[in-house]
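Engineer: Predicted model, plus sequence, below.
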Amino acid sequence: MMEAMDILTTASLWSAVLRIATPLIFGVLGALICERAGVLNLGIEGIMTMGAMIGWLTVYWGGDLWAGLAMAVLAGMVIGWLHAMLTVPLGLSQHVAGLGITLFASALAYYLYRLWVQVGNLPPTIVPFQPWAVPILSDIPFLGEVLFTQTPPTYVALILVGLVAWMLARTPMGLALRMTGENPHAVEAQGLNPMRIRIWAVMVGSGIMALGGAFLTTAAFNSFFPSMVQGRGWICIALVVFASWRPGKALVGALLFALFDAFQLRLQTVVEGVPYQLFLMAPYVLSIVALILVARRARVPEALMQPYRRGER
Amino acid sequence: MTVGDVLELDGITKRFGALVANDDVTLSLKKGEVLALLGENGAGKTTLMNILFGHYAADAGEVRVLGKPLPSAKPRAAIAAGVGMVHQHFTLAGNLTVLENIVIGSESLWKVGMDREGAERKIRALSAQFGLPVDPAARIGDLSVGERQRVEILKALYREARILILDEPTAVLARPEAEQLFTILRGMAKGGLSIIFISHKLHEVMGASDRVVVLRAGKVVAERVTAETTAAELAELMVGRAVARPKRAAHEAGAPVVVAEGLSVTKGGGMALDRVRFEVRAGEILGIVGVSGNGQAMLGRALSGLARPDAGTITFDGRDISRITPRQAVKLGIGRVPEDRQAQGVVGDLAVWENAVLERLRDFSRFGFVRRRAAEAHAAGLIGRFDIRGAAPATRTRLLSGGNMQKLILGRNLAAGPRFLLANQPTRGLDEGAIAGVHAELLMARAEGAAILLISEDLDEAVGLSDRLQAISKGRLSEPILAEDVDARRLGLMMAGVWETRDAV
């Protein structure tokens, strides 16, 4: 038991927490932007898969790692645009459209991968992002190793949390976005176009989700395989609720889940006589418990999942 | 354009399918004027204002502000031209603050950062200038309806509106709040703003406007200077015929049908009903008057089987009904017209015929299947007998106007020949023509021997219809008095909870 507790004080655990949390942070921020504008985006799982594939492929074809991320964002936005078209102007069920997008984008990603890439016994690899030690800051004991010796996309994710939080709370655009998720009729009455706001929110949100996928293939691993997103998208959808639609809390949620995950991985090696599947389940069970404890007080955007039609109420 | 006109609507026509909502409407507004747009529900008032504000595009005609034409269907252009609109259904976001609701749209979306302090200063200044107190940091969801309306008005003022349109601004307000609102509007007009308010309430129009434009079936039928007209003339113009609420004929009441004794209901620790006693006799209307929120809602709930009394009895033909379910109530022949027709009266998304038979589905089914043809025939019968306009059996009920929805509910109850009818605020929100229709139906039921309990906040209605009246105040019920003995002072005292028991009948 002491051994298990000792794990918690190792820098390598906390460094892993940040690494595991990175795709979740991207995913949850993307989902949060969509939902704050009133559109549930269950296409997230497929969008992340597409981002993973396109990001990796760009690099495999000789592109820069950063170009890989950029192309992933673009791919995410294209699929986001499709989801936005189905749910905003056409006003279709956001659940059904989102699940359809996930199935479609996941399959399309794998299809394109097989079409364009020769796969032998082992999947082809790229040279991924390497950890980059921030000068000076990385010399801080413990904290330096945990926070400032990560791969660049992790830094991007952390900065993005602050940026999204600031955008939502402090800019006219953020206000318009939030208002669109609360009452699109109010937005229209003030001379703005809620449909356009929703479409852009879904596209930008989807682009950010795709970054989460791209992190997996360009930083966490070095190759693409079709099932690699592994439900992270769904976790993000739950984390948005856990976070009460707030970026700061979303970060906390992502870190918490990553902590459970990193901890159980290490626990498997320390504790004997317990089937490892139980450990694998633990983060999900704990997430549900956390959701129950926190999310009952959550303030849902009032117009979430309500299609907006002009002149109707 | 005559001198001083700030706004002109010229030949506005708008069709929705076969329905002509606005037919060649022309009107103008002068600077500093309060113009009332009067018309019944469905006369096209709201459509006209939505065209003016740019929510809809007109099929023909032009809107000019200060002589310049407004591009159609662009709220942004209307706002920029100085037109502000206060919608009947507030366009506010409940989870956001007052300040956020007001400033949205006033700054470029691409601006980095927001000038919250400046905005707050400006809001406070406008609040003070126009007498619209509100806390900029408060969350909309925590505000009262009256405060929310102030926010709506501030929203328009914040965008420098010179022309203010208010769509049925008093629909959600209590009388004192409404009077306060009109005082504020008059002050604004004195300050140079021009105001159009939509209403179907004659006393408001007479009290608060300079000029009245009457709209009927999409057309302007008359224009009057308020000082030179009367409420009676306006009523006739609005409805298109002389309307008078029907009068109660003298009529002998029968034996008591429903009797309540010592009825008490507690709610959240307090007494919602406190040892209430009344009896309603066959062929009479007993009116319960009172200021809103004094236990009327609970009385209605207790009588329709939705709340369990903590003490006391209610009997129906001598049988205790204080613990019945709504289903048993239907079976016993207790008709109910609920307070909130949208929420409790009908299922809006179902067809008229479905709502017509919902309460007595058993009577319209065989082997567990609904006999649709019989049900539709029944609905068609109700539509004919109770003059439910704009409805066919297959019409979605949501599409009916409030008055016609109420006629459907009343008809559904009256067709079954109820021995007892609970009518809770039966004419709230209805226009004059519809009110007269509902009153006629209630009096007809009374003449046929139904015992009717009328709960109403409208004193004219209660006094006009009821044989006897009781006042409700803080959950307590006064002794009944005869409608003939009513005078305003005594009724006022009763509603304030002051009553004597001497001359009870």
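Structural biologist: Received, thanks.

Engineer: Tell me the residue of the stretch 301-450 of chain B that sits nearest chain A?
Structural biologist: B:Arg398 (11.1 Å; C-beta to the nearest C-beta). (C-beta placed from N, C-alpha, C; glycine too.)

Engineer: just checking, that residue is part of a helix?
Structural biologist: Yes - counting by DSSP: H, G, I helix; E, B strand; the rest coil, B:Arg398 is located in a helix.

Engineer: Report the contact partners of the closest residue to it other than its chain neighbours.
Structural biologist: Distance criterion C-beta to C-beta, 6 or more residues apart in numbering or on different chains; nearest residue to B:Arg398, sequence neighbours excluded, is B:Gly348 at 3.6 Å. Going by C-beta atoms under 8 Å, 6 or more residues apart in numbering or on different chains, B:Gly348 touches B:Gln342, B:Arg396, B:Thr397, B:Arg398.

Engineer: for B:Gly113, same thing?
Structural biologist: A:Arg170, A:Thr171.

Engineer: For it, what are phi and psi?
Structural biologist: phi 80, psi 160 (degrees, to the nearest 10).

Engineer: and it, what pLDDT?
Structural biologist: For B:Gly113, the pLDDT comes out at 82.

Engineer: Next, work out how far apart it and A:Leu255 are.
Structural biologist: As judged by C-beta to C-beta, to the nearest Å, B:Gly113 and A:Leu255 stand 28 Å apart.

Engineer: any weak-confidence spans in the stretch 301-450 of chain B?
Structural biologist: Within the stretch 301-450 of chain B, no stretch has pLDDT under 70.

Engineer: would you list every one of the helices in it?
Structural biologist: Secondary structure of the stretch 301-450 of chain B (DSSP state H, counting those that start in this stretch): helices at B:326-332, B:352-357, B:372-385, B:402-414, B:432-447.

Engineer: can you give me the strands for chain A?
Structural biologist: A:132-133, A:149-150 (DSSP state E).

Engineer: Can you say which of the ones you listed is packed in most?
Structural biologist: strand A:149-150 (a mean of 20; mean count of other C-beta atoms under 10 Å in any protein chain shown).

Engineer: Which pLDDT value goes with the residue of the stretch 151-300 of chain B found nearest chain A?
Structural biologist: Closest to chain A within the stretch 151-300 of chain B is B:Lys155: 7.4 Å, counting by C-beta to the nearest C-beta. Looking at B:Lys155, its pLDDT is 95.

Engineer: State the number of residues packed around it.
Structural biologist: Applying other C-beta atoms under 10 Å in any protein chain shown, we find 28 residues neighbouring B:Lys155.

Engineer: Would you mind measuring from it to B:Val98?
Structural biologist: B:Lys155 is 9 Å from B:Val98, by C-beta to C-beta.

Engineer: swap in B:Met298?
Structural biologist: From B:Met298 to B:Val98 the distance is 33 Å (C-beta to C-beta).

Engineer: between those two, who's got more neighbours?
Structural biologist: B:Val98 (26 against 22).

Engineer: mind listing what the more buried one touches?
Structural biologist: Residues near B:Val98 by C-beta under 8 Å, 6+ apart: B:Ile123, B:Val134, B:Asp135, B:Pro136, B:Ala137, B:Ala138, B:Arg139, B:Ile140, B:Leu143, B:Val151, B:Leu154.

Engineer: Make a PyMOL selection of the buried ones in those.
Structural biologist: Command for PyMOL, covering only those of these found buried under the criterion 16 or more other C-beta atoms under 10 Å in any protein chain shown:
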select buried, chain B and resi 123+134+136+139+140+143+151+154
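
Engineer: mind listing which of the contacts of B:Val98 are in helices?
Structural biologist: Those of those mapping onto helices are B:Ile123, B:Val151, B:Leu154, per DSSP state H.

Engineer: A:Ile79: which of the residues you listed is nearest?
Structural biologist: The closest of these to A:Ile79 turns out to be B:Val151 (C-beta to C-beta; 39.1 Å).

Engineer: If the residue nearest to B:Glu152 when sequence neighbours are not counted is in a bridge, with which residues?
Structural biologist: Spatial nearest neighbour of B:Glu152, chain neighbours left out: B:Val86 (4.4 Å); criterion: C-beta to C-beta, 6+ apart. B:Val86 has the following beta-bridge partners by DSSP bridges: B:Leu166.

Engineer: what about A:Met179, how many residues close to it?
Structural biologist: A:Met179: 31 surrounding residues under other C-beta under 10 Å.

Engineer: same check, this time on B:Gly240
Structural biologist: With other C-beta under 10 Å as criterion, B:Gly240 counts 13.

Engineer: distance of the residue of the stretch 301-450 of chain B closest to chain A from A:Trp56?
Structural biologist: 52 Å.

Engineer: just A:Phe225 next, same as before
Structural biologist: 10 Å.

Engineer: Then A:Ala169?
Structural biologist: Taken as C-beta to C-beta, the span from A:Ala169 to A:Trp56 is 35 Å.

Engineer: Is B:Val213 located within a helix, as I assumed?
Structural biologist: No - membership of B:Val213 in a helix is not supported by three-state DSSP, which gives strand.

Engineer: Assess the claim that it and B:Ala43 are in contact.
Structural biologist: No - contact criterion C-beta atoms under 8 Å: B:Val213 and B:Ala43 do not qualify, at 10.9 Å.

Engineer: re earlier: right, so of the strands of chain A, which gets closest to A:Ile7?
Structural biologist: strand A:149-150 (18.9 Å).

Engineer: Tell me who's in contact with residue 255.
Structural biologist: Going with chain A. Residues in contact with A:Leu255, defined by C-beta under 8 Å, 6+ apart, are A:Val17, A:Leu18, A:Ala21.

Engineer: Sorry, I should have been clearer: chain B.
Structural biologist: B:Arg281, B:Ala282.

Engineer: let's see 6 Å
Structural biologist: Shown in contact with B:Ala255 (C-beta atoms under 6 Å, 6 or more residues apart in numbering or on different chains): B:Ala282.

Engineer: On the three-state scheme, B:His89 is what?
Structural biologist: coil.

Engineer: so what's A:Val187 up against?
Structural biologist: A:Met179, A:Thr180, A:Pro194.

Engineer: Just give the closest residue to it, not the sequence neighbours.
Structural biologist: A:Pro194 (4.3 Å).

Engineer: pretty sure B:Trp499 contacts B:Ser478?
Structural biologist: Yes - counting by C-beta atoms under 6 Å, B:Trp499 touches B:Ser478, with 4.1 Å between them.

Engineer: These two - which one has more neighbours?
Structural biologist: B:Ser478 (24 against 19).

Engineer: quick one on the thing from earlier: tell me, how many residues neighbour the residue of the stretch 301-450 of chain B closest to chain A?
Structural biologist: Neighbours around B:Arg398, by other C-beta under 10 Å: 12.

Engineer: residues near B:Val352, how many?
Structural biologist: The number of residues packed around B:Val352, counting by other C-beta under 10 Å, is 26.

Engineer: To clarify, my last question referred to B:His203.
Structural biologist: Neighbour number of B:His203 under other C-beta under 10 Å is 11.
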